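J.: Quick one, structure for this:
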Amino acid sequence: MDAPVLATVQRRRVGTLIRACAIELSPRDELAGDRLRQLLAPGKSVFVNHPASVTHHDIVAACARLRRAGFVPVPHIAARRLASFTQASDFLQRAVGEADVESVLLIGGDDSPAGPFRAALDLLATGALERCGIRQVALAGYPEGHPAIDATALAAALKAKVLLARQAGLGVSLITQFGFEAAPILRWIAGLRADGIECPIHVGIAGPASVATLAKFAIRCGIGASLRALARGHTAFARILVEAGPDALIAELVAGDAPIAGLHVFTFGGVRRTAEWMRLAG
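T.: From the prediction side, this is the model:
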């Protein structure tokens, strides 16, 4: 394939990924419901995150509003924030029964355990997800590592979760932390494939936001390499880069020919700006 044709194919691929990307918002966001239809077409997957300040009742209510508005709600399940097996079962049963949830994003969460679940694997091992009617589970991936978990332990835990989910009959996918550089993501995906992990991978990207906002979340998420890359640039250039959106990163990922199933946009409260970027870039 000659260079102009290849460039055209890659541009189309970037546009397709952006149009199809999933977004994430807070259960208390005023747009978590009918108002989102003013910004995005129904049918899109909308992940509802699980901050420490909300209860699982808040998350279920937001998922129900999103389902009624025509979206596909996917709640985060932060295992360490669940105080008991009973609470976990109630969360899952209500999500399925009240919001027709079929997929969840299962994470450990950054808190000290509030109950019996010290990690996402512990909740997965109970069988509660499949018994309550969940069919698909997304797991977190960390191309740039986790600030509190050794890389070897992180890789072993991911492999164990993928194996256990498959044994339970669940569909499995991976959603990565967000980043600003393609190279760590491409290396991580290649490492997964070499290790025999063939799950669909949805790459996390940061929606348009200020440098201060992205730096805050990057530090919290331990995105060291990408944060250093941002810091290396001149302030004015960095501001243009991040506020314009992640188009350049997506183009690099596509050019790297990585087996990416989709994109997952972290909006950081800026759902309107993200929706506008998706409309213009896609």
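J.: Beyond the helix or strand of the chain with the lowest mean pLDDT, next helix or strand please.
T.: The weakest-scoring helix or strand in the chain, judged by mean pLDDT, DSSP states H and E, is helix 235-244 (a mean of 48). Next helix or strand after helix 235-244 toward the C-terminus (DSSP states H and E): helix 247-255.
J.: That following helix packs against which elements?
T.: Helix 247-255 sits against helix 3-20, helix 182-194, strand 201-206, with contacts defined as 3 or more C-beta pairs under 8 Å, 6 or more residues apart in numbering; DSSP states H and E. C-beta here means a position set from N, CA and C on the backbone, and glycine is covered the same way.
J.: quick one: average pLDDT of it?
T.: For helix 247-255, mean pLDDT rounds to 88.
J.: contacting residues around the nearest residue to Gln10 once chain neighbours are set aside?
T.: Leaving aside its chain neighbours, Gln10 sits nearest to Val254 (5.0 Å; criterion: C-beta to C-beta, 6 or more residues apart in numbering). Going by C-beta atoms under 8 Å, 6 or more residues apart in numbering, Val254 touches 10, 13-14, 17, 260.
J.: 6 Å instead?
T.: Contact analysis of Val254 by C-beta atoms under 6 Å, 6 or more residues apart in numbering lists 10, 13-14.
J.: follow-up on the earlier one: among the helices and strands packed on helix 247-255, which is nearest Pro116?
T.: strand 201-206 (28.5 Å; C-beta to C-beta).
J.: would Val265 count as being in a strand?
T.: Yes - the assignment for Val265 (DSSP: H, G, I helix; E, B strand; the rest coil) places it in a strand.
J.: which residues does it contact?
T.: 21, 23, 205, 207, 274.
J.: Bridge partners for it, pull those for me.
T.: Ile23, Ile205 (DSSP bridges).
J.: Tell me where the stretch 51-200 of the chain has helices.
T.: 56-68, 85-99, 120-125, 128-131, 151-167, 182-194 (DSSP state H, counting those that start in this stretch).
J.: Touching the fourth one from outside, list them.
T.: Meaning helix 128-131. Under C-beta under 6 Å, 6+ apart, the answer for helix 128-131 is 88-89, 92, 168.
J.: Let's see the ChimeraX selection covering just the buried ones among the residues you listed.
T.: Remark: buried members of the contacts of helix 128-131, expressed as a ChimeraX selection using 16 or more other C-beta atoms under 10 Å:
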select :88,92,168
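J.: Among the contacts of helix 128-131, which one sits closest to Pro73?
T.: For the contacts of helix 128-131, the nearest to Pro73 is Leu92 (13.2 Å; C-beta to C-beta).
J.: Now do the same for the closest one: its pLDDT.
T.: Confidence score, pLDDT, at Leu92: 98.
J.: Test my guess that it contacts Cys132.
T.: Yes - under the criterion of C-beta atoms under 6 Å, Leu92 makes contact with Cys132 at 3.8 Å.
J.: Spit out the residues that contact these two alike.
T.: Common neighbours of Leu92 and Cys132 (C-beta under 6 Å, 6+ apart) do not exist.
J.: List the contacts of the residue nearest to Ala32 when sequence neighbours are not counted.
T.: In space, and not counting its chain neighbours, Ala32 is closest to Ala62: 4.3 Å by C-beta to C-beta, 6+ apart. Ala62 sits next to 27, 32, 48 when contact means C-beta under 6 Å, 6+ apart.
J.: redo that, cut-off 10 Å
T.: Counting by C-beta atoms under 10 Å, 6 or more residues apart in numbering, Ala62 makes contact with 25-29, 32-33, 46, 48-49, 54, 73, 75, 99.
J.: Run through the stretch 1-150 of the chain and note the low-pLDDT ranges.
T.: 1-6 (pLDDT under 70).
J.: Equivalent analysis for the stretch 151-282 of the chain, please.
T.: 209-245, 282.
J.: The same query, at a cut-off of 50, please.
T.: The model of the stretch 151-282 of the chain has pLDDT under 50 over residues 234-238, 240-241.
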